[in-house]
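Student: turn this into a structure:
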Amino acid sequence: MNKLNLKYPYEIVRNQNHTYTVDGWSVPGVTTVNKLLPKPWQLKWVIGEATKHIGTKWLPECTYPQFLIDQTLEDSKGAWKKKFEGAGDTGTNVHKYIEDYINDGQLPMIEDKEEDNCFRQFIDWGEKFKPTWIATEMVVASKEYGFAGTLDSIAEINGKMCLIDFKTSSGIREEYYIQTAAYQLALEECVPNLIDGGIREPSIVINERWILRMDKTSKNYEFKLVPTPYAQDVLAFTSLLALHKSLVPYRGFLK
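Tutor: Sure, this is the predicted structure:
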């Protein structure tokens, strides 16, 4: 859905491998740039997943041969990756259910319990806040800064134009604030109007940025207004973008 009915000033192509081209030039995606952010919570989570894996394989007061101990320890190193990939699939599927619902209004049949739980929270949220949807899964880009991305949604709520990012993570993290600012920055450049004298002004003004987090296990969603100033988040993102571009020759950093 895109009710903006505005023409992009240049050609933007989203490729299947999460890369983009703007007028034929390859540019990084917002989420790719954001991966350079430090994630202090990540180490604790990785250790926790390894510990859980070991706990499911070893029973108390039991003795195991050394080869089995070694194998369990080795497998525990990759436990986080399996959990991460599974969480990614859940997030992707929930985003797709939401996109389809916004577009056609039809409730999907969802077999996976976690995905169904997340989608039901989205419905509960919608009944409370009554959004008027403007756009969903909208590809935006900045030719000036050299990046692109796909924002989750734009909706009018209580007379304000809101950019809303959907999450199924375990919590709302500050990196999401920077992500939404990047989408807004690209959106304002992607849909310009020409007024008297050829001056360009945004044809849509985002009043607020929000994070809607749907929990995989509980029934409680979080709907949080981004608390950090837009200019501050834009500065953080453009700094990350400059770092990303400077590291391109050193491919090992960007894997």
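
Student: where in the stretch 151-255 of the chain is pLDDT low?
Tutor: Per-residue confidence of the stretch 151-255 of the chain (counting by pLDDT under 70) places the weak regions at 190-203, 251-255.

Student: all helices for it, in order.
Tutor: Read by DSSP state H, counting those that start in this stretch, the stretch 151-255 of the chain holds these helices, from start to end of the chain: 175-190, 230-247.

Student: likewise the stretch 1-150 of the chain?
Tutor: Counting by DSSP H, counting those that start in this stretch, the stretch 1-150 of the chain has these helices, from start to end: 30-34, 40-57, 66-76, 79-104, 113-129.

Student: how about the ones you listed in CSV, adding distance to residue 211 and mean neighbour count?
Tutor: C-beta here means a position set from N, CA and C on the backbone, and glycine is covered the same way. Output for these, formatted as CSV (distance: least, Cβ to Cβ, whole Å; neighbours: other Cβ atoms under 10 Å):
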stretch, distance to residue 211, mean neighbour count
helix 30-34, 14, 21
helix 40-57, 16, 13
helix 66-76, 32, 12
helix 79-104, 13, 16
helix 113-129, 12, 17
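
Student: and of those, who's closest to residue 171?
Tutor: When those are ranked by distance to residue 171, counting by Cβ to Cβ, first place goes to helix 40-57 at 8.1 Å.

Student: circling back to that earlier point, and the helices of the stretch 151-255 of the chain, which is most packed in?
Tutor: Each of the helices of the stretch 151-255 of the chain was given a mean neighbour count from mean count of other Cβ atoms under 10 Å, and the largest, a mean of 23, is that of helix 175-190.

Student: what are the contacting residues of it?
Tutor: Residues external to helix 175-190 that are found in contact with it (Cβ atoms under 8 Å, 6 or more residues apart in numbering): 8-9, 12, 30-31, 33-34, 37, 39, 138, 140-145, 147-149, 151, 154, 163, 165, 167, 202, 204, 206, 209-211, 226-228, 230, 233-234, 236-237, 240.

Student: for stretch 151-158, same thing?
Tutor: Contacts to stretch 151-158, defined as Cβ under 8 Å, 6+ apart, come from residues 4, 95, 98, 102, 129-138, 140, 161-166, 180, 183, 187, 204, 206.

Student: nice, that's everything, thank you.
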